[in-house]
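K.L.:
this one's sequence-less:
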RNA sequence: GGGCCGGUAGCUCAGUCUGGUAGAGCAGGGGACUCUUAAUCCCUUGGUCGCGGGUUCAAAUCCUGCUCGGCCCA
């Protein structure tokens, strides 16, 4: 790191402490009696009592023979008052070697200062760690996005919002687990390293197993393994875990991201709609304390039931065109182009419809809405509608102009599934590298009989963005992928 | 991959248009101070201006290539 003299000064202080027999790195633990926030919350009953707090020093205000500190722990900040006459001359002199960023343990008395600030007046203090690197500016904190991501630990220390986001993310994950577990769903772990990357249309990462001398793919989705578990008689299951897609990075995409998939045997798309609504409503009320969220300046109500339109209906409503009547791919493509949607890489009618949905319609879908009835060629794992086999029993849920969930009544007919894979293979041969691959092992599982089932996928990072009003996925991933900074 | 914007002290930012010895605040160092809370007061250190090439008497500033990041588009 740069700022060499700043580091040198701090090292000198460390050495000076050690010369006096104090090693700031020697302590193994410091039993705390309270967190900072607990002291503030319970001041009336704690006033005059002894307490032990510990945390990081974020500000030092020295007045000669008395010194105020701001001490931060996971709950927040509390002011510490150190007075020479209370801690003793010898101990007080050690403050000369205290730096912003150091971690201290304080044994003291809960008081209120003349100005009314709840404070711990120290009887004694203990160095628990010395910070050798200079800290970001106290008022503006760490602003530069690159630095915030590369030095996330500093971001967490100095930017309160960052800490709030990741604590909220943790509560969302816990909330999902609680919600599903309470309803009898069982959490499972399926392979992240797969021999055939399936369950979604995306570029996989490739890795290699040395002992078996074979290539493996990091999963792009857990779907095909979870369906094998449906075959195995696990009827209500979910997996909450990391998936990997070897694609571009944007405000909405990180190469690794967290996906929730839920499967309900003997349930259909309608059951999944209810489950999705209930879960989002539950999370909002439990975590935000409100059924309403604010995202990008817009108020969004998560109160069920959510609206529901077919793909054709929503396209007609937003573009004025009845796309159901447009059966020719070229005509669809021309029409899309007239709306400003380029479709040169797009091969099928279904893909054109999806692109128009994504580019034109999606940003306008602010309030929660299920869009259902997707063309079969873009839904190779979903069951067909009985009365119109071109369409599938599938919905996508949009909230705040973002796709939040994707769900099917799952295809369990091994003959149809084989045909769908074959169609995907054709597209693979035409150069569509995102086409799904023939998976004989999965087809074999289907041939043993998979019960009818509803399945749901939710992008957790986008959900956290929604719940924390974050403009970028990097704001809700602790360590988003960045190129390494070259060192000299 | 394309477009736009940015990288200047540890941090937050001026300075670039209009070339002429690189600035502020905080942090740091020295000093004063026993109720401050962006403490205050006096003094003060600190720079590969992202990296390379070019233009020029002279480049943080103009041109160019690269690099890292942000936003938008694909």
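P.N.:
Now that the structure is in, tell me what you want to look at. All figures in this text were calculated on a predicted structure; none of them were measured in a lab. Numbering: from 1, shown residues only, chains lettered A, B, ... in the order given.
K.L.:
give the other helices and strands that the helix or strand residue A:333 falls within contacts.
P.N.:
Assigned by DSSP states H and E, residue A:333 belongs to helix A:329-338. Contacting helix A:329-338 under the criterion 3 or more C-beta pairs under 8 Å, 6 or more residues apart in numbering; DSSP states H and E are the following elements: helix A:349-356. Yep, even glycine has a C-beta here, placed from its N, CA and C like the rest.
K.L.:
what strands flank the next helix or strand after the helix it packs on, and is each parallel or antiparallel?
P.N.:
Downstream of helix A:349-356, the next assigned helix or strand under DSSP H and E is strand A:369-375. For strand A:369-375, the pairing partners within the sheet under DSSP bridges are strand A:307-310 (parallel), strand A:391-399 (antiparallel).
K.L.:
can you give me the buried ones in the helix or strand just after the first one?
P.N.:
Downstream of strand A:307-310, the first helix or strand assigned by DSSP H and E is helix A:311-319. Residues of helix A:311-319 classed as buried: A:311-316, A:318-319 (neighbour count, 16 or more other C-beta atoms under 10 Å).
K.L.:
coming back round to it: will you turn the strands paired with strand A:369-375 into TSV that also has mean neighbour count, distance to RNA strand B and mean pLDDT?
P.N.:
Putting these into TSV (neighbours: other C-beta atoms under 10 Å; distance: least, C-beta to the nearest atom of the strand, whole Å; pLDDT from 0 to 100) gives the following:
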stretch	mean neighbour count	distance to RNA strand B	mean pLDDT
strand A:307-310	16	23	97
strand A:391-399	24	16	97
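K.L.:
I'd like to know which of those strands is closest to residue A:248.
P.N.:
Nearest to residue A:248, of all the strands paired with strand A:369-375, is strand A:391-399, at 20.8 Å by C-beta to C-beta.
K.L.:
centre of the chain to the closest one, how far?
P.N.:
22 Å (C-alpha atoms, centre = their mean, to the nearest Å).
K.L.:
got the contact list for it?
P.N.:
A:268-269, A:272-273, A:276, A:280, A:295, A:300, A:302, A:306, A:308, A:362, A:365-376, A:379, A:382-385, A:403-409, A:466 (C-beta atoms under 8 Å, 6 or more residues apart in numbering).
K.L.:
and the helices in the stretch 151-300 of chain A?
P.N.:
For the stretch 151-300 of chain A, the helices identified by DSSP state H, counting those that start in this stretch occupy A:152-158, A:160-182, A:223-231, A:269-283, in order along the chain.
K.L.:
contacts for the first one?
P.N.:
With C-beta under 8 Å, 6+ apart as the contact definition, helix A:152-158 has outside contacts at A:56, A:58, A:72, A:135-136, A:138, A:141-142, A:147-149, A:162-163, A:166, A:478-479.
K.L.:
quick one: that helix near RNA strand B?
P.N.:
No. Helix A:152-158 stays clear of RNA strand B (C-beta under 7 Å from any atom of the strand), getting no nearer than 7.9 Å.
K.L.:
apart from its chain neighbours, what residue comes closest to residue A:235?
P.N.:
residue A:265 (3.8 Å; C-beta to C-beta, 6 or more residues apart in numbering).
K.L.:
surely that neighbour and residue A:451 touch.
P.N.:
Yes. In this structure, residue A:265 is within contact of residue A:451 by C-beta atoms under 8 Å, at 4.4 Å.
K.L.:
buried ones in the helix or strand of chain A with the lowest mean pLDDT, by neighbour count?
P.N.:
Lowest on mean pLDDT, DSSP states H and E among the helices and strands of chain A sits helix A:329-338, with a mean of 89. Residues of helix A:329-338 classed as buried by neighbour count (16+ other C-beta under 10 Å): A:329, A:332-333, A:335-336.
K.L.:
that helix vs helix A:311-319, what angle?
P.N.:
30 degrees (axes from the mean of the first three to the mean of the last three C-alpha atoms, to 10 degrees).
K.L.:
and helix A:329-338 with helix A:349-356, angle?
P.N.:
10 degrees.
K.L.:
close to RNA strand B, is helix A:329-338?
P.N.:
No. Helix A:329-338 is not in contact with RNA strand B by C-beta under 7 Å from any atom of the strand; minimum separation 10.7 Å.
K.L.:
that helix: how far from the chain's middle?
P.N.:
That offset, for helix A:329-338, works out to 36 Å (C-alpha atoms, centre = their mean).
K.L.:
ditto for stretch A:176-186
P.N.:
19 Å.
K.L.:
also stretch A:16-34?
P.N.:
36 Å.
K.L.:
would you map out the domains in chain A?
P.N.:
A:3-135, A:157-306+A:367-482 (automatic domain parsing).
K.L.:
what's the most buried one of those?
P.N.:
domain A:157-306+A:367-482 (a mean of 18; mean count of other C-beta atoms under 10 Å).
K.L.:
so who does residue A:310 touch?
P.N.:
Applying C-beta under 8 Å, 6+ apart to residue A:310 gives the contacts A:371-373.
K.L.:
from residue A:33, how far out is residue A:129?
P.N.:
20 Å (C-beta to C-beta, to the nearest Å).
K.L.:
next: residue A:231.
P.N.:
54 Å.
K.L.:
what's the most distant pair in the contacts of helix A:152-158?
P.N.:
That would be A:138 and A:479, which, of the contacts of helix A:152-158, are the farthest apart (C-beta to C-beta) at 24.6 Å.
K.L.:
got the residues of the stretch 101-250 of chain A near RNA strand B?
P.N.:
Residues of the stretch 101-250 of chain A lying near RNA strand B by C-beta under 7 Å from any atom of the strand: A:111, A:113-117, A:119, A:121, A:134-147, A:149, A:248-250.
K.L.:
done for today, thanks.
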